[in-house]
Each structure stands twice: as C-alpha cells, then as structure tokens.
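# no sequence for this one, just the structure:
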C-alpha cells in the first residue's frame, strides 16, 4: 500500500510511522481516521519525513473515499496482505494445506493466545481426585483438558512474574503444545532421561515433575546464558533431579545407549508460534529453512545414538513446516493453532 504512493526509499522511522498509521486505519475500529494520522505524524517527528507520512495517510483515506479496504484473501498474494504474513510463508501453507486451512491458520496467527499454566507438583504435591493440588495450594486458572490434568487456563489478567505463586515455583507458564511434548516422552521415576536443547526448561521441569523428582534428567543447552537461566528455573521449581550441561549437543560426549528416554525439542523456524511471537513471521526467512533442516538431522542422529535399544525417543518442533518434520514412523501428534487453540506443534514418538 505504501508503494502505491511512494516511489523512493524511506528512513526507518518514517516507514515505521506509516506502518503504524496504516494499521490503525485498517484494523483499529475505535480510532478515528484523523486521530490515526495525527498520531503517526507525531511518531515520525523530528524526521522531516513526518510531512510525507501526513500526505500518504491522507491520500490513502481520500483515494478510498474514507473507506479503507484490504484485498480479498482468495489468493496467496491477497491473503498475505490481508492477514499480515510474509508471502513466501503463505504460498508454502497454501500449497501444503490448501486455501481454507491456510486462511484459518493465518487468522489464528493474529488472535491473542491463551494463557496456560502447568501446576508444578514438585512444589504443590500431587493432584487430588478433584484435580486440585492435594496440599491445598491454589494455582490460578481452571482445569480444561483431561489429557493434561496439570494444565490450567487463565481467563482475565495475570502478571505471572509478579505473582508470589510463580516465584515460589507453584506453577510454570507454558503452552499446551509444550506440555504434550513432555507427556509424549512418558518419563518414569528412576529412569535416566536426556533432554537435548533444553532451555528455557518448561519441558525439562515438566518431565522432572512427571518422574516425581526421582531418577535423572541430563539437560543440555548450548548457550551459556540460557543454561544459567535453566539452572535457576530448576531451583525455583524444585527440579533437583536435573543436571544441566552447558555445551553444544553435537559435541557433548554421551555414551551410546545410555538413556532410557530422549527428548529432542529441536531448534526450528517456530512457525507454529506466530500468535505469541508476532515478530517472528518477519524475522524468519525462507532461506533459513534448509540449514535448520540439516541441523535438526544432525541432532536427531545424536539422540538416536544416545537412547538405549527399546528406549523411547521423542522429536518435537513448534513449527508448521513439513520440511522440519522427522521420524515419520513414530506415533505422530500435530497441533494446529486454528483447530486446537494452542501453538502449532509436530511431535513424533518412537519406541518405549
């Protein structure tokens, strides 16, 4: 839309002001047109391009008779503009899923995500028959998924990081998709479990809780800062059976067949999380995908060597891209934002 009215490069702050102004004009029903224009103009100042911002936005309004219209989403090009997703991604989903599922998926990417908490039974004690922690500790939200009795959906506002319950480790905020990945591992008390690429630790500490704190989880994290944060998370939630190793999973020495269960929650494009990370759609580039796929394959080889014969191996990615799917012979779970109301996930479990 900008290119219809501007035929030259724009300063970053001017283009950003135009983007915000156009968004308000197109999507914000509660903002009068002149207020949207005035706000965008102020944002562009002191850059002299504020005059261009004013002219372009007023011309957009005048050209459409004051009634702004987005293109129909009956083609990938129109859908990309209407739903604010990169064209390369829309084309991929359109080819893979078809028009109707793609439109539904794009719409879901622009809706607010649910806030889900996982009751941390390492701190609260086991859940009773009524689903409440037996120790009487109250965790915000309500049970809503029989397959995830530890999950609580919160309606209304909750400042998680300021809540004493979070600081005391009574719960962890994580998506249902992430919980399903940890559940797929099905770790048992006393077992030896490997979690490759472990930070930020939601799945790691979930598995620790499922094991009742008994046994060992070796959690490998490549980035030093994230590894330190993972240790703090384990301490907060009482996951004393987690051993955090700061290192590259491709280089850490792991004895072959030494783990009962292995979770590879692989680095991925994250295309299943666009509602909770809206900026990601513009940061991920199509050219990044082949290298990600090669990394996932190498990490999977490490995971396959580490799991003992007959053990369980789970591969998961929070993306919606068939090129990043692995272990097609496993028990596969796919979660879709537009169908399941949570992050998009691919989970495959083999053995065990």
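Sure, I can see it. Computed from a predicted model, the values in this text were never measured in an experiment.

# Now do the strands for the stretch 101-250 of the chain: every range, in order, please.
Under the criterion DSSP state E, counting those that start in this stretch, the stretch 101-250 of the chain carries strands at the ranges 115-119, 151-154, 171-173, 192-196, 216-221, 242-246.

# Would you mind finding the most buried of those?
Compared across the strands of the stretch 101-250 of the chain, strand 192-196 shows the largest average neighbour count, a mean of 25 (mean count of other CB atoms under 10 Å). Using the backbone N, CA and C atoms, a C-beta is placed for each residue, glycine as well.

# elements contacting that one?
helix 202-210, strand 216-221, strand 259-265, helix 289-306 (3 or more CB pairs under 8 Å, 6 or more residues apart in numbering; DSSP states H and E).

# Could you list which residues are in contact with residue 326?
Residue 326 sits next to 266, 296-297, 300, 315, 348 when contact means CB atoms under 8 Å, 6 or more residues apart in numbering.

# can I get those in TSV with neighbour count, distance to residue 21 and pLDDT?
What follows is the contacts of residue 326, written out as TSV (neighbours: other CB atoms under 10 Å; distance: CB to CB, whole Å; pLDDT from 0 to 100):
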residue	neighbour count	distance to residue 21	pLDDT
266	25	40	98
296	21	40	98
297	11	45	98
300	18	46	98
315	28	44	98
348	21	45	98
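
# now, which of these sits nearest residue 89?
Checking the contacts of residue 326 against residue 89 by CB to CB gives residue 296 as the nearest, at 18.5 Å.

# who's in contact with the closest residue to that closest one other than its chain neighbours?
Excluding its sequence neighbours, the residue lying closest to residue 296 (CB to CB, 6 or more residues apart in numbering) is residue 266, at 4.6 Å. Contacts for residue 266 were tallied using CB under 8 Å, 6+ apart; they are 196-197, 295-296, 299-300, 315-317, 324, 326.

# what's the farthest-apart pair in the contacts of residue 326?
Among the contacts of residue 326, 297 and 348 lie farthest apart (CB to CB), at 13.8 Å.

# ok, the contacts of residue 266 vs residue 91, which is closest?
Taking CB to CB as the measure, residue 91 lies nearest residue 324 of those, at 16.8 Å.

# Surely residue 171 is in contact with residue 139?
Yes - counting by CB atoms under 8 Å, residue 139 is a contact partner of residue 171 at 4.9 Å.

# overlap in contacts of those two?
In contact with both residue 171 and residue 139: 117, 119, 152, 165, using CB under 8 Å, 6+ apart.

# if we can go back for a sec, now the residue nearest to residue 296: how far from residue 203?
12 Å (CB to CB, to the nearest Å).

# quick revisit: of the strands of the stretch 101-250 of the chain, which is nearest residue 27?
By CB to CB (comparing all of these), the closest turns out to be strand 115-119, at 22.7 Å.

# For the closest one, name the packing helices and strands.
strand 151-154, strand 171-173, helix 176-185.

# In the protein, which residue is most central in space?
Centroid-nearest residue in the chain, with CA atoms, centre = their mean: residue 273, separated by 3.5 Å.
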